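1. 3D model of this:
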Amino acid sequence: MEKDLGNYRKSYEKYELLLKDVPENPMELFQKWFHEVDKFFIEDETNAMTISTIGLDGFPKNRIVLLKRYTYEGFIFYTNYDSEKGKAIAQNPNVCLSFFWHGAERQIIIKGQAEKIAENLSDGYFESRPRGSQLGALVSNQSQVIESRGAIEKRLSELENEFEGKEIPRPANWGGYIVKPVEIEFWQGRPNRLHDRIRFKLQKDYNWKINRLSP
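-> So this is what the prediction gives:
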């Protein structure tokens, strides 16, 4: 099987990213871009991001997770700590996050270190989830081989009966990570593949060094 994709092309012409418009802290630019995409490009799932980890087998692996909070300190998402990504982070906390918002022709690439957030913060978020999502966290031994779809649906039904009218506890192996960035690159598509790339690198004094990169 073979298919030539050489003629797949798109011209990026919507926006520009100039150094004069860049704030000193990358989180301020992230917030600006996030709000613009969320407001004007509703077809994009704005908080969907790719997280890349180095697996226990030595291979990098990417998957989509949902950003649930961001602060000046970093980016927070939730998952099963015993999942493949959780085990990878436990061995090597260096990860990469990326957002691609095709409507706005923008990409953000974030290098950072992941660490677990405080348990009370994970408790608070878990309590805010719909009951179905809470039960799903109890049902799923994420990344483990399962007998069939029917097996997890049966387990879900059992838990629905068990917790009917009751509070659902957060599983001890489920909670949040914060990714604290050390480098953030903002990519804005431009015509003729001469894209704008602005990189922020965290320095020892905790200030950010800003450079424009060649496309």
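2. hey, let's count contacts and neighbours off CA atoms from now on
-> Will do.
3. so for the protein, the centremost residue is which one?
-> Among the residues of the chain, the one closest to the centroid is Met49, at 3.6 Å (CA atoms, centre = their mean).
4. was I right to think it contacts Ser98?
-> Yes: the pair Met49 / Ser98 is scored as a contact, 5.5 Å apart, by CA atoms under 8 Å.
5. so what's Gly176 closest to, chain neighbours aside?
-> Among residues not flanking Gly176 along the chain, Tyr78 sits closest, at 4.1 Å (CA to CA, 6 or more residues apart in numbering).
6. and the strands in the chain?
-> 48-54, 60-66, 69-70, 75-80, 94-101, 106-116, 174-188, 196-202, 208-213 (DSSP state E).
7. and the fifth one, what does it pack onto?
-> This means strand 94-101. For strand 94-101, the packing partners by 3 or more CA pairs under 8 Å, 6 or more residues apart in numbering; DSSP states H and E come out as strand 48-54, strand 106-116.
8. and that strand, which strands flank it?
-> Using DSSP bridges, strand 94-101 pairs in its sheet with strand 48-54 (antiparallel), strand 106-116 (antiparallel).
9. using TSV, please lay out those strands together with mean pLDDT and distance to Leu138.
-> Formatted as TSV, the strands paired with strand 94-101 follow (pLDDT from 0 to 100; distance: least, CA to CA, whole Å):
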stretch	mean pLDDT	distance to Leu138
strand 48-54	98	23
strand 106-116	98	19
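10. in TSV, list these along with distance to Gly176.
-> Listed next are those as TSV, based on distance: least, CA to CA, whole Å:
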stretch	distance to Gly176
strand 48-54	14
strand 106-116	6
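11. and the residue nearest to Gly176, how far from Glu115?
-> Distance of Tyr78 to Glu115, computed by CA to CA, to the nearest Å: 11 Å.
12. residues that sit against both of these two, list them.
-> Tyr177 (CA atoms under 8 Å, 6 or more residues apart in numbering).
13. give me the more crowded residue out of the two.
-> Neighbour comparison, Tyr78 and Glu115: the larger count goes to Tyr78, with 20 against 16 (by other CA atoms under 10 Å).
14. run through the residues that contact that one.
-> So Tyr78 contacts Leu66, Lys68, Ser122, Trp174, Gly175, Gly176, Tyr177 (CA under 8 Å, 6+ apart).
15. now the strands of the chain as TSV including distance to Arg9?
-> TSV is the format used below for the strands of the chain (distance: least, CA to CA, whole Å):
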stretch	distance to Arg9
strand 48-54	23
strand 60-66	24
strand 69-70	33
strand 75-80	32
strand 94-101	17
strand 106-116	16
strand 174-188	16
strand 196-202	18
strand 208-213	22
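16. of these, which is nearest Asn141?
-> Nearest of these to Asn141, taken as CA to CA: strand 75-80 at 7.9 Å.
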